[in-house]
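Asker: coordinates only, sequence not included:
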Ligand SMILES: [Zn+2]
Ligand SMILES: [Zn+2]
């Protein structure tokens with residue numbers, strides 16, 4: 001870790017000596033104790049030694065990947081009447097005729 005990265009949860013700098021985990025999805029870092037990294041101190045030490053692997057997805061990526069939050073995409077049906085400017089003009093004709101009389 002060479003760049004100064006900020007914790008996804010608390011927005012503080014993740015210094016080298018802090019225990020932090022990078023998000024598998026966006027690559028951002030989060031302190032082990034910030035939010036739900038699912039890492040215990042014990043597991044983190046094992047992770048540092050490469051004895052275990054740990055998958056972590058930050059809250060934001062979890063939210064974005066959760067399909068229940070995404071709204072169904074509305075199907076845009078473009079009819080010729082909606083985009084035709086003469087259609088609205090035609091709709092105004094009866095009243096215009098009435099005024100001219
Ligand atoms: Zn933090
Ligand atoms: Zn993420």
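Answerer: In hand now; what should we look at? In this text, all values refer to a predicted model and were calculated from it rather than measured experimentally. Ligands and ions are numbered 1, 2, ... in the order given.

Asker: from here on, just use CA atoms for contacts and neighbour counts.
Answerer: Fine.

Asker: residue 8 touches residue 61, doesn't it?
Answerer: No. Counting by CA atoms under 8 Å, residue 8 stays clear of residue 61, with 10.7 Å between them.

Asker: chain neighbours aside, what residue packs nearest to residue 18?
Answerer: Once flanking residues are discounted, residue 18 sits nearest to residue 31: 7.0 Å by CA to CA, 6 or more residues apart in numbering.

Asker: partners of that neighbour in the sheet?
Answerer: In this entry, residue 31 is beta-bridged to residue 20, by DSSP bridges.

Asker: any stretches of the protein with poor pLDDT?
Answerer: Across the chain, the ranges flagged by pLDDT under 70 are 1-3, 69-73, 79-101.

Asker: repeat that with 90
Answerer: 1-4, 16-17, 35-36, 64-101 (pLDDT under 90).

Asker: show me which residues of it sit near ligand 1.
Answerer: Within reach of ligand 1 by CA under 5 Å from the ion, the chain has these residues: 7, 10, 31, 34.

Asker: as a check, name the ranges of all strands in this protein.
Answerer: Assigned by DSSP state E, the strands in the chain fall at 5-6, 13-14, 20-22, 29-31.

Asker: for PyMOL, write the selection for the buried entries among the residues of the chain next to ligand 1.
Answerer: Buried residues among those (16 or more other CA atoms under 10 Å), as a PyMOL selection:
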select buried, resi 7+31
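
Asker: rebuild the residues of the chain next to ligand 1 as TSV, extending it with distance to residue 76.
Answerer: Formatted as TSV, these follow (distance: CA to CA, whole Å):
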residue	distance to residue 76
7	40
10	40
31	43
34	42
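
Asker: from the residues of the chain next to ligand 1, which is closest to ligand 2?
Answerer: Ligand 2 lies nearest to residue 7 out of the residues of the chain next to ligand 1, by CA to the ion, at 10.7 Å.
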